[in-house]
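K.L.:
Give me coordinates for this.
(chains A and B)
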Amino acid sequence: MVEFSTEVVDTIVSAAALLGAGFAMIAGIGPGVGQGYAAGKAVESVARDPEARGNIITTMLLGQAVAESTGIYSLVIAIVLIFTI
Amino acid sequence: MKYIDDPDKMQWMMIKRTVYLALLPLVSSLVHDRQIFWGLAFGLLLSFLLFRLKLLNIKKAVDMSEGQASTFIRNRYFLEYALSFAGLAIAYNSPSLNVWAAAAGLFLLKVTVLGWMVIDLGHQAWKNKLDSYK
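P.N.:
As a prediction, this is how the structure comes out:
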């Protein structure tokens, strides 16, 4: 059986943690794409019904604020992985 | 729904509700642990500023073309994401800020928005039910 020294094990753990942080950050891409799509559709809606502008902006604002949550979850995980190792 | 036509008033109302919700944890952490208090206050302040920035970006995007708005909001989201990362990294590295409290402060606004939506939905359903008996 192959035995590794403590330094090698520490390096592997650090590398795995940083890799994990990188993978966790991928979750931040989804909300960005979704918010962009929603903004495009909001522009289309405002062009169709300019009187509903305030309503559309408010709905989009609240929707985007909630949609961002998953990105921040991944951010917290990444921060913990990066700084605790 | 109150103030649905006025995004500025709605945003101000959401911020006020978040502050009311955060009042108990803020006061209890002020008594118990100053590090948690400052972390929570820092996270809340960051979330309010990002929320305000989001509204300004959306107002600007609505006047663009569809493709431009989509790209603009996507790019601004990544900037906001980077700002959140910077805020959490600062909270982690600062000895006077608790990183978990800062993260909780960032999430509190989202919890308020979701909770308020659920309450409003329940209120609307109850009102419709009462109206159906008239």
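
K.L.:
which residues does A:G40 contact?
P.N.:
Applying CB atoms under 8 Å, 6 or more residues apart in numbering or on different chains to A:G40 gives the contacts B:E66, B:G67, B:A69, B:S70. The way it works is simple: take the backbone N, C-alpha and C, and place the C-beta from them, glycine included.

K.L.:
Now do stretch A:22-33: distance from first to last residue.
P.N.:
Using CA to CA, to the nearest Å, one end of stretch A:22-33 lies 18 Å from the other.

K.L.:
Tell me the pLDDT of residue 69.
P.N.:
Looking at chain A here, since you left the chain open. Per-residue pLDDT puts A:S69 at 89.

K.L.:
my bad, chain B
P.N.:
90.

K.L.:
give the contact list for the residue nearest the centre of chain A.
P.N.:
In chain A, the centroid-proximal residue (CA atoms, centre = their mean) is A:G28; its distance is 1.8 Å. Counting by CB under 8 Å, 6+ apart, A:G28 makes contact with A:G71, A:S74, A:L75, B:F78, B:Y81.

K.L.:
What of B:L55?
P.N.:
Contacts of B:L55 by CB under 8 Å, 6+ apart are A:I57, A:L61, B:P7, B:D8, B:Q11.

K.L.:
For the helix or strand hosting it, give the mean pLDDT please.
P.N.:
B:L55 belongs to helix B:34-62 when assigned by DSSP states H and E. Summarised as a single mean, pLDDT over helix B:34-62 is 93.

K.L.:
Could you check how far it is from the centre of its chain?
P.N.:
Counting by CA atoms, centre = their mean, to the nearest Å, helix B:34-62 is centred 7 Å from the centre of its parent chain.

K.L.:
Would you indicate which residues of it are buried?
P.N.:
B:35-44, B:46-48, B:50-51, B:54-55, B:57-58, B:61-62 (16 or more other CB atoms under 10 Å in any protein chain shown).

K.L.:
With stretch A:5-24 instead?
P.N.:
Quick answer for stretch A:5-24 (16+ other CB under 10 Å): A:A17, A:G20, A:A21, A:A24.
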